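# What follows is a predicted structure for the sequence shown.
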Amino acid sequence: MIETQETLNFTTMPLIIGVLALIFGTFIFIFALWRRNKRRKLTGIGEFTCSDRMINTKGTEKILQILATVLLLSGFILITYEALRTENKVTTEITAS
């Protein structure tokens, strides 16, 4: 019974951090795309009229997309690494018993 409880405990800190990184990366990426689409529509023309603000806006959107991509990749890598580590730990315990 104790072995079953240990093997079913998949919630670890790297897994939680990986899931949070995926969630925040997705939201940031969607926000950057939403902001770019809003800027290109007729309603966004009133908000983004100055040409000097346009350069800053494009730069901000590019930085947000890069940040979102880094968060998505790091979250995916953390989840994959933790899943492989947990699987290796379980198989090592099973073969050692």
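Nice, thanks for sending it over. Residues are numbered from 1 along each chain as shown.

# Just give the nearest non-adjacent residue to residue 71, would you?
Closest residue to residue 71 apart from its sequence neighbours, by C-beta to C-beta, 6 or more residues apart in numbering: residue 25 at 3.1 Å. For the C-beta atoms, the positions are set from N, CA and C on the backbone; glycine is no exception.

# State the distance from the one you found to residue 66.
11 Å (C-beta to C-beta, to the nearest Å).

# now swap in residue 40 and tell me
Looking at residue 40 against residue 66, where the rule is C-beta to C-beta, the gap reads 20 Å.

# Same drill for residue 25 and residue 66, tell me which one is more crowded.
residue 25 (20 against 12; other C-beta atoms under 10 Å).

# The more buried one contacts residue 65, correct?
No - the pair residue 25 / residue 65 is not scored as a contact, 10.2 Å apart, by C-beta atoms under 8 Å.

# and residue 79, what does it touch?
Residue 79 makes contact with 14, 15, 18, 19, 22, according to C-beta atoms under 8 Å, 6 or more residues apart in numbering.

# so what's the backbone phi/psi at residue 12?
phi -120, psi 170 (degrees, to the nearest 10).

# The nearest residue to it once chain neighbours are set aside: what secondary structure?
Computed as C-beta to C-beta, 6+ apart, the closest residue to residue 12 that is not its neighbour in sequence is residue 82, at 5.9 Å. Local secondary structure at residue 82 is given as helix here, using DSSP: H, G, I helix; E, B strand; the rest coil.

# so where does residue 73 fall, helix or strand?
Using DSSP states H and E, residue 73 sits in helix 51-96.

# Give me the average confidence score over that helix.
For helix 51-96, mean pLDDT rounds to 82.

# The closest residue to residue 22 other than its chain neighbours and residue 38: what is the separation?
Spatially, and ignoring its direct neighbours in sequence, residue 22 is nearest to residue 75 (3.7 Å; C-beta to C-beta, 6+ apart). Residue 75 sits 26 Å away from residue 38, going by C-beta to C-beta.
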